[in-house]
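>>> Would you be able to build a 3D model of this:
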Amino acid sequence: MVRRFYRAHQLDLLRDTVAGDVREGILPFVSIKPPAPWDAVAAGQADPWVDRLGEILGGFDAPVFVCVQHEPENDVDGTRQVPATYLQMQRRVRRRLRGLDLVTPVPVLMRWTFDERSGRNPEEWLDDDTVVQGIDVYNEWVADGNAQWRSFAELWEPVRAQLPDGPVVIPEVGTPVDPDRPRRVSRWLREAVDVASQTDVVGLVWFESDEERRDGKFRLDEQGQATLRRQLSRDEVVRLEDVHP
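From the prediction side, this is the model:
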């Protein structure tokens, strides 16, 4: 699985990139911003855009995950974009994409929303009708900072406790490298796969970026890359060609 991000006007770029992923036997997970505020999309004002998105994704004869507006919590405006209009938008998108058997809409929320310190109510963002729920999970540790190193299991437990039953995908997962304890990232990654394989998590995508964030780069070092390759050979890992020849 590979995660890619697009703005609303980039449908042609999305089409061409997903076509390449499909040719390579990769399961695409695309995230795209909507072309209008959430309430407008929910009211049907973006239906032609949603239909065009569905036409593109449904034309590959291959499984595709799609998220319209990932991590919406960052874009609340208090009026047109609030949890209620976000859920209404997601329902509208699902209805418009219904009938595309290989296209799965996946709403993606932040793990932070499930942390009581966020002050948010996760129930406002969750919909029981969602087929697959997405959650981004990061270890926010910072060297010489206030955030403590937290294992994947510790981060995931409060999320799992509040999610409705059903499959979950984690399309962004990551941790910084601790330069003083380089094996930490490998242990963190192994535990993430262990926990996922024992719960309803059906997919993990490691987030790599050269962009410098306050919590450091998430690019895996050589040891971390070797650990990831070993995880890919585990019996629990399903190959796309095995389920969609």
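>>> Tell me the spacing between the most far-flung residue of the chain relative to its centre and Asp144.
Distance from the C-alpha centroid of the chain, by Cα atoms, centre = their mean, peaks at Asp180 (29.7 Å). The gap separating Asp180 from Asp144 is 10 Å, by Cβ to Cβ, to the nearest Å. In short, each C-beta sits where N, CA and C put it, glycine included.
>>> Roughly how far does the residue farthest from the centre of the chain sit from Asn146?
Counting by Cβ to Cβ, the separation of Asp180 from Asn146 is 17 Å.
>>> which stretches of this structure form strands?
For the chain, applying DSSP state E gives strands covering 2-6, 28-32, 64-68, 103-105, 108-110, 133-138, 168-174, 201-206.
>>> hmm, who's touching the fifth one?
With contacts defined as Cβ atoms under 8 Å, 6 or more residues apart in numbering, strand 108-110 is touched by 31, 67, 70-74, 122, 125-126, 133-136, 171-172.
>>> Out of the strands of the chain, which is closest to Trp188?
Closest approach to Trp188 among these (Cβ to Cβ): strand 168-174, 9.2 Å.
>>> Domains of the chain: list them as residue ranges, please.
1-105, 108-238 (automatic domain parsing).
>>> Now the weakest link among those domains, please, by mean pLDDT.
When those are compared by mean pLDDT, domain 108-238 comes last with a mean of 87.
>>> how long is that one end to end?
22 Å (Cα to Cα, to the nearest Å).
>>> Any figure for the gap between Val177 and Trp141?
10 Å.
>>> typo on my end, it should be Glu236
For Glu236, the distance to Trp141 - Cβ to Cβ - is 26 Å.
>>> quick one: which of the two has more around it?
Counted by other Cβ atoms under 10 Å, Glu236 and Trp141 do not tie: Trp141 has more neighbours, with 18 against 10.
>>> Test my guess that the more buried one contacts Trp149.
Yes. At 4.4 Å, Trp141 counts as touching Trp149 under the criterion of Cβ atoms under 8 Å.
>>> outside of stretch 189-204, which residues touch it?
Here stretch 189-204 makes contact (Cβ under 8 Å, 6+ apart) with 1, 27, 29, 132, 137, 151-153, 156, 160, 163, 165-171, 173, 175, 206, 224, 227-228, 231, 234, 236.
>>> Swap in 6 Å and give it another go.
Under the contact criterion Cβ atoms under 6 Å, 6 or more residues apart in numbering, stretch 189-204 has outside partners 1, 151-153, 156, 167-170, 173, 227, 231, 236.
>>> With stretch 127-145 instead?
87, 104, 106-111, 147, 149-150, 155, 159, 164, 167-176, 215.
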